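> here is a sequence together with a model predicted from it:
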Number of protein chains: 2
Amino acid sequence: MDNWDEVRTAYQVARLGTVSGAAEVLGVHHATVIRHIDALEGRLGVKLFQRHARGYTATEAGQDLLQVAQTTDDQFSQLAGRLKGRGASVTGELTVTSLATFSPMLAPVLAAFREEHPELTVRYLTGDRLFRLEYGEAHVAIRAGSVPDQPDNVVQPFVRQALALYAADFYAERHGLPKDESEFGDHFFIGHDAETRAPFNMWLREHVPNDNIVYRTSDNRSMEDGVVAGAGIGFLPVKVAERYSNLTKVAGPRPEWSAPLWLVTHVDLHRTAKVQSFLTFLKAASKDWEV
Amino acid sequence: MDNWDEVRTAYQVARLGTVSGAAEVLGVHHATVIRHIDALEGRLGVKLFQRHARGYTATEAGQDLLQVAQTTDDQFSQLAGRLKGRGASVTGELTVTSLATFSPMLAPVLAAFREEHPELTVRYLTGDRLFRLEYGEAHVAIRAGSVPDQPDNVVQPFVRQALALYAADFYAERHGLPKDESEFGDHFFIGHDAETRAPFNMWLREHVPNDNIVYRTSDNRSMEDGVVAGAGIGFLPVKVAERYSNLTKVAGPRPEWSAPLWLVTHVDLHRTAKVQSFLTFLKAASKDWEV
DNA sequence: TACTTTATGTGAGAATTTGCACAGGACTGC
DNA sequence: GCAGTCCTGTGCAAATTCTCACATAAAGTA
């Protein structure tokens, strides 16, 4: 059964009883219909129809085919309806990926977006490895650093996340707070373990003696925990710091500390209503994240 | 969704994950597969796959299609199996039609045939109107009279049904029995009401005075009832008369009384195993019906 | 009975579809 | 780091498929 179109033709003939009628419904010439039927019967070795002057009547075999193809037709119609609707509606899954750092900012946005579209399921992926849009792992990615230049990706600038230096009350009680940069040498800082190219980290390496960076973490979330615990002065997104009552802003936010963020989507999905709808929603929600 | 082959192509791509793999399975060039997918996506307005260098991964829409097409493929495979098998096996329906006269002879044959093929359903049609093979109303017809010459019918000679003249005991007691044809003028006969072309009826009109044909019926079955009830001397098939204990054979059987019977099948169904099987069975069973 | 309508069936040209060849990109293993 | 392999993608020629036109046959109708 390796030609589904012939089955479809036979289905219409069985349904309508005439070759001409089937040809009209299918939008082809009646000769085509005859050839399809002949080919199908020849391949199966069974007569599907009895030919007579008034048309074609289905044999048992033809009636069997009629029933099967009937359900197939129904299912395909439903499928087509779903698929066509899907392009225009915001349903199904929306998969977003970013560095774990942005989770606190993104979570409320995703929650609110899902609230607006009850039929939507949100998947938010963060992890060590980069989830790849070109393999369909995510619809939208939020990336930091230099402009991603994957060929099939649609990249647009997002916000520059406002970063500032914070210290916990616990730290301030024991070490005081620096009045300005000149006193940084007398304080302890929290930084990245690796020499990342994150602007704030590069700034830290330049302006703070290495020995004063006493608490080093491998990811930004642990850095946050360090700051809150009073392990030292460290960089936090303003939006994150606002959630803690025991933090004092030491300096900033400054534009040069933050890296530009990028919204990345796969070209195939970029123009879908779902992705577009989310992008506009995200941009609106992120207006006050800016430095 | 008016091109089922494209759905089938998309199904294989979704299943295998690559265009090349799908092309190999489908036995077409991979360029064809790509064009099918593009056409389908274009028509639906939805991306079914995300293209990347390692192949195609199905989007949600593609996975939806995969599921639907999966079941379709299964059902078509099963259908193909049934259909191919049907040509070779004796299952489903067997529809036989004849004049009601032959019902007593045919019934035991049909019953025995069905016994041999438990999966078979027998439909035996008799009626005033002729059931037409070319419209698929029956697989096999038993016809009397001159050779049917419908173009699409396969006609082969059947038996000449042995007919004889019978009288019931009730009649014999009251009127005696004729020794030979010369005494027919002193007896009462049962005949057809209309001037049918049945040989026995034509013989009756020639050899028996019209006034002696006192019981006239419109169908052969009523004629049988008339003979059994002793309304007169009448023609009965030998096989039918054998079933009654109160009948005495008056004359015959004679070849000139019986019309040749024909086995007729439609050319499209003639070579199927089911029809062939029934024809041989019927011929074997009818050997002793002959004159 | 002849005429109209509505079917199927078939050969030849037109149109679409398909296959081929080659290009280009990405991963793998040495 | 580099060759080999396995993908997708596209222009062009070949092949198949489709359409058109006409023939034929049966059933309804005046």
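Cool, got the structure.
> which ones are touching the residue of the stretch 101-250 of chain A found nearest DNA strand D?
Nearest residue of the stretch 101-250 of chain A to DNA strand D: A:D152, at 8.6 Å (CB to the nearest atom of the strand). C-beta: built from backbone N, CA, C; applies to glycine. A:D152 makes contact with A:133-134, A:266-268, B:51-52, according to CB atoms under 8 Å, 6 or more residues apart in numbering or on different chains.
> ok, so of these, who is nearest DNA strand D?
Proximity of these to DNA strand D (CB to the nearest atom of the strand) peaks at B:R51, which lies at 3.6 Å.
> now that closest one. Nearest residue, chain neighbours left out?
Distance criterion CB to CB, 6 or more residues apart in numbering or on different chains; nearest residue to B:R51, sequence neighbours excluded, is A:D268 at 6.9 Å.
> next: A:F170.
Nearest residue to A:F170 in three dimensions, chain neighbours excluded: A:G230, at 3.2 Å (CB to CB, 6+ apart).
> helices of chain A, residue ranges please.
Taking DSSP state H to define them, one finds helices in chain A at A:4-16, A:19-26, A:30-44, A:60-88, A:103-116, A:169-175, A:199-207, A:220-229, A:238-241, A:267-270, A:273-285.
> tabulate the ones you listed in CSV, adding columns for distance to DNA strand D, mean neighbour count and mean pLDDT.
As requested, the helices of chain A are exported to CSV (distance: least, CB to the nearest atom of the strand, whole Å; neighbours: other CB atoms under 10 Å in any protein chain shown; pLDDT from 0 to 100):
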stretch, distance to DNA strand D, mean neighbour count, mean pLDDT
helix A:4-16, 7, 23, 92
helix A:19-26, 7, 19, 90
helix A:30-44, 4, 17, 90
helix A:60-88, 17, 18, 86
helix A:103-116, 30, 15, 86
helix A:169-175, 46, 15, 86
helix A:199-207, 26, 17, 85
helix A:220-229, 31, 20, 83
helix A:238-241, 39, 20, 85
helix A:267-270, 9, 19, 80
helix A:273-285, 19, 16, 87
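> how about these, which one is nearest B:L163?
helix A:60-88 (36.1 Å; CB to CB).
> chain center to that closest one, what's the gap?
The chain centre lies 30 Å from the centre of helix A:60-88; the measure is CA atoms, centre = their mean, to the nearest Å.
> hmm, stretch A:143-153 in reach of DNA strand C?
Yes - looking at stretch A:143-153 against DNA strand C by CB under 7 Å from any atom of the strand, the contacts come from A:P151.
> between the two ends of that stretch, how far is it?
12 Å (CA to CA, to the nearest Å).
> next, the buried residues of it.
Using 16 or more other CB atoms under 10 Å in any protein chain shown as the burial criterion, the residues of stretch A:143-153 that qualify are A:143-144, A:153.
> closest to DNA strand C among those?
Among the buried residues of stretch A:143-153, and counting by CB to the nearest atom of the strand, the member closest to DNA strand C is A:N153, at 10.6 Å.
> tell me what the closest one is bridged to.
As for beta bridges, A:N153 partners with A:H266 under DSSP bridges.
> who wins on neighbours among the contacts of A:D152?
A:L133 (28 neighbours; other CB atoms under 10 Å in any protein chain shown).
> list the contacts of the residue nearest to B:R51.
Applying CB under 8 Å, 6+ apart, we find A:D268 in contact with A:152, B:47, B:49-51, B:59.
> switch the residues you listed over to a markdown table; also include pLDDT.
Conversion of the contacts of A:D268 to a markdown table gives the following (pLDDT from 0 to 100):
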| residue | pLDDT |
| --- | --- |
| A:D152 | 76 |
| B:K47 | 87 |
| B:F49 | 90 |
| B:Q50 | 86 |
| B:R51 | 86 |
| B:T59 | 86 |
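> which of the residues you listed sits closest to A:A251?
For the contacts of A:D268, the minimum distance to A:A251 (CB to CB) is 40.9 Å, reached by A:D152.
> backbone dihedrals for the closest one, please?
Here is the backbone geometry of A:D152 (degrees, to the nearest 10): phi -90, psi 10.
> report the separation between the residue nearest to B:R51 and B:F76.
To B:F76, A:D268 is 30 Å away according to CB to CB, to the nearest Å.
> same deal with A:A107?
Distance from A:A107 to B:F76, by CB to CB: 47 Å.
> just give me the residue right at the centre of chain A.
The residue lying closest to the centre of chain A (CA atoms, centre = their mean) is A:H139, at 2.4 Å.
> for that one, list the residues it contacts.
Residues in contact with A:H139, defined by CB under 8 Å, 6+ apart, are A:94-96, A:133, A:265-266, A:269, A:274-275, A:278.
> TSV for those, including distance to DNA strand C?
Shown next, in TSV, are these (distance: CB to the nearest atom of the strand, whole Å):
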residue	distance to DNA strand C
A:L94	24
A:T95	19
A:V96	21
A:L133	12
A:T265	17
A:H266	13
A:L269	18
A:K274	25
A:V275	22
A:F278	26
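> quick check: residues of the stretch 151-291 of chain A near DNA strand C?
Counting by CB under 7 Å from any atom of the strand, the stretch 151-291 of chain A comes close to DNA strand C at A:P151.
> what residues does the stretch 151-291 of chain A have near chain B?
A:152, A:266, A:268-269, A:272 (CB under 8 Å from any CB of the partner chain).
> one more time with 6 Å, if that's ok
Residues of the stretch 151-291 of chain A that fall close to chain B, judged by CB under 6 Å from any CB of the partner chain: A:D268.
> look up the closest residue to A:K287, ignoring the ones flanking it.
A:V159 (7.9 Å).
> same question for A:A107.
Ranked by CB to CB, 6+ apart and with sequence neighbours excluded, the top spatial neighbour of A:A107 is A:Y124, at 7.4 Å.
> and the residue of chain A closest to DNA strand C?
Counting by CB to the nearest atom of the strand, chain A gets nearest DNA strand C through A:V19, at 2.9 Å.
> tell me the contacts of the closest residue to A:L40 other than its chain neighbours?
Nearest non-adjacent residue to A:L40, counting by CB to CB, 6+ apart: A:E6, 4.4 Å away. The contact partners of A:E6, taken as CB atoms under 6 Å, 6 or more residues apart in numbering or on different chains, are A:36, A:39-40.
> go again using 10 Å as the cut-off
A:33, A:35-41, A:43-44, B:4-5 (CB atoms under 10 Å, 6 or more residues apart in numbering or on different chains).
> over to A:A31?
A:19, A:23.
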